[in-house]
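**Student:** Need the 3D shape of this:
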Amino acid sequence: MTGHRPLKRIAVFTFLLLLLMAAVPTLVTADATAPDLGPDTELYVVPPNQGAKRQLKQLEQNGSYTAAGLIRDMIRTPQAVWFTGGKPSEVKREVQNLVKRAARENAVPVLVAYNLPFRDCAQFSAGGATNVAEYKEWISAFAAGIGNREAIVILEPDGLGIIPWYKQFRGLPAESAGYEWCQPAEADEATAADDRFDMLNYAVSVLKAKPNAHVYLDGTHSSWLGSGDAAHRLYQAGVANADGFFLNVSNYRLTEHLEKYGTWIAKCLWFATDPGSWGLGHFDWCASQYYPANPNDFSTWHLTDQWYADNVESQTWVPYPGDAGLKSFVIDTSRNGQGPWTPPAGYPDPQDWCNPPGRGLGRTPTTDTGNALIDAYLWIKIPGESDGECTRGLGPAGTTVDPEWGIIDPAAGEWFPQMALELARNANP
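**Tutor:** Residues are numbered from 1 along each chain as shown. Next up, the predicted model:
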């Protein structure tokens, strides 16, 4: 998956009191059926893939015991399992087997459902179901596989960051003039965006019908969508009936930045959907990392904090973090220990999200976050697996050497030994 092209559009601020009672749909927040993830939740450790096993064996045979120990520690850390296709009967069986194994160990697995039509807009992680009906059948089988067992579901990474034929803030006064960059010829311009939201709402409904499923939707990350834009997409996708949203999947953004960003999204959702809020319906009014803050200067982000203090916390009926009215979130910390990569000048397309060098593992997975709005830090992207055949814009994938690694990178999802060891060596903390 890619899904890391930032849309640096500034949220519009229009403080017209005459619009306070504008006729807009209100968000009715449903109580999550699953119990909250407690701080002592045991997360499931999945068996390592074959590429990791081969690297570990080779390092031990070569006497590289320190390096082998680093890889061993990495693959013994709880990580997600990705489900990316297959027949409904197959995905039901595979999910069922996984949740059973986890239950036997009194642990909670993290499952990634990644099968939307036009996923990744036909880039490195292209694929997915071919139509709406096929996807609904697949995700229903996925949910059936979970049954009554407990699981954390990361629902469609990039699913809201990359939407075919989508206009930012559609239906609001601030709607962008044109479509975003993802415009696949095979998708129906008139229905593609509506289909995406229909499928995600359906997925949330069938998954949350399971009594112990914790379901999170795509909130992108702190250098991609503005927090108001992300909140608006989450609202349209049915976040009211989900447990919350996830951030930073397969990316490298610093946890400190993501914590602020996620908090802003949660507060914007309340600001724009609570019937008593003066901002009802106006996701486009929400402050973000792009305004009044400077996205490239973290020292300015307190300006956006202040906007939420003035416009959310100041409304005395706003719920406390963790209450039903503020949605919580999870953060992928699998590869953000050293933060994002700053590419050298000169690449036509630096692809800073694609197998960047010098990165490190981030905070190990836990549900004991110390923050009422953050349900968990998770390793959702499997560290050590390639993002794709990165070329930095110098040639076609599959034939062009990645100049940062000196090789043709493994295809998306395949084990990348050099990067795996570097991530382990640069772990922080």
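
**Student:** Y216 belongs to a helix?
**Tutor:** No - assigned with DSSP: H, G, I helix; E, B strand; the rest coil, Y216 falls outside any helix and is strand.

**Student:** Let me know the pLDDT of D120.
**Tutor:** Looking at D120, its pLDDT reads 87.

**Student:** same deal with A213?
**Tutor:** 98.

**Student:** same thing with H4?
**Tutor:** 44.

**Student:** Ok, H257 next?
**Tutor:** For H257, the predicted pLDDT is 98.

**Student:** Show me which parts of stretch 339-354 are buried, residue by residue.
**Tutor:** G339, P340, W341, P350, Q351, D352, W353, C354 (16 or more other Cβ atoms under 10 Å). Where you see a C-beta, it was placed from the backbone N, CA and C, and this is true even at glycine.

**Student:** can you check stretch 276-293 too?
**Tutor:** Under the neighbour-count criterion of 16+ other Cβ under 10 Å, stretch 276-293 has 277, 279-293 buried.

**Student:** next one: stretch 84-96
**Tutor:** P88, V91, K92, E94, V95, Q96.

**Student:** Take those and keep only those in helices.
**Tutor:** P88, V91, K92, E94, V95, Q96 (DSSP state H).

**Student:** Could you dump the buried residues of stretch 84-96 into CSV with pLDDT and distance to T399 added?
**Tutor:** Formatted as CSV, those follow (pLDDT from 0 to 100; distance: Cβ to Cβ, whole Å):
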residue, pLDDT, distance to T399
P88, 98, 36
V91, 98, 33
K92, 98, 39
E94, 98, 34
V95, 98, 37
Q96, 98, 41
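
**Student:** Sort out which one of those lies nearest K136 for me.
**Tutor:** P88 (9.8 Å; Cβ to Cβ).

**Student:** So that closest one sits against A141, correct?
**Tutor:** Yes - P88 lies in contact with A141 (Cβ atoms under 8 Å); the separation is 3.5 Å.

**Student:** So which residues of this structure form helices?
**Tutor:** According to DSSP H, the helices that the chain contains are 50-61, 65-75, 88-104, 132-146, 192-208, 227-237, 255-273, 302-308, 417-425.

**Student:** what's the closest of those to T364?
**Tutor:** helix 65-75 (9.5 Å).

**Student:** Please enumerate residues in contact with the closest one?
**Tutor:** 48, 52, 55-56, 59-60, 361, 383-384, 420-421, 423-425, 427 (Cβ atoms under 8 Å, 6 or more residues apart in numbering).

**Student:** okay, the angle between it and helix 417-425?
**Tutor:** 80 degrees (axes from the mean of the first three to the mean of the last three Cα atoms, to 10 degrees).

**Student:** Poorly predicted segments of the stretch 1-150 of the chain, please.
**Tutor:** 1-33, 122-126 (pLDDT under 70).

**Student:** Name the nearest of the buried residues of stretch 276-293 relative to N115.
**Tutor:** F283 (27.5 Å).

**Student:** Tell me the predicted confidence for the closest one.
**Tutor:** For F283, the predicted pLDDT is 98.

**Student:** what's the closest non-adjacent residue to it?
**Tutor:** Of all residues not flanking F283 in the chain, H232 sits nearest, at 3.8 Å (Cβ to Cβ, 6 or more residues apart in numbering).

**Student:** ditto for V153
**Tutor:** That would be V215: by Cβ to Cβ, 6+ apart, it lies 4.8 Å from V153.

**Student:** how much space between that neighbour and T77?
**Tutor:** Relative to T77, V215 is positioned 23 Å away (Cβ to Cβ, to the nearest Å).

**Student:** Of these two, which one has the most company?
**Tutor:** V215 (29 against 15; other Cβ atoms under 10 Å).

**Student:** Pretty sure that one sits against V206.
**Tutor:** No - assessed by Cβ under 8 Å, V215 is found out of contact with V206, at 9.8 Å.

**Student:** isn't P357 right next to E404, touching?
**Tutor:** Yes - if you go by Cβ under 8 Å, P357 and E404 touch, sitting 4.8 Å apart.

**Student:** neighbour count winner among those two?
**Tutor:** Neighbour totals were compared for P357 and E404, and E404 leads with 21 against 13 (other Cβ under 10 Å).

**Student:** I'm done for today, thanks for sticking with me.
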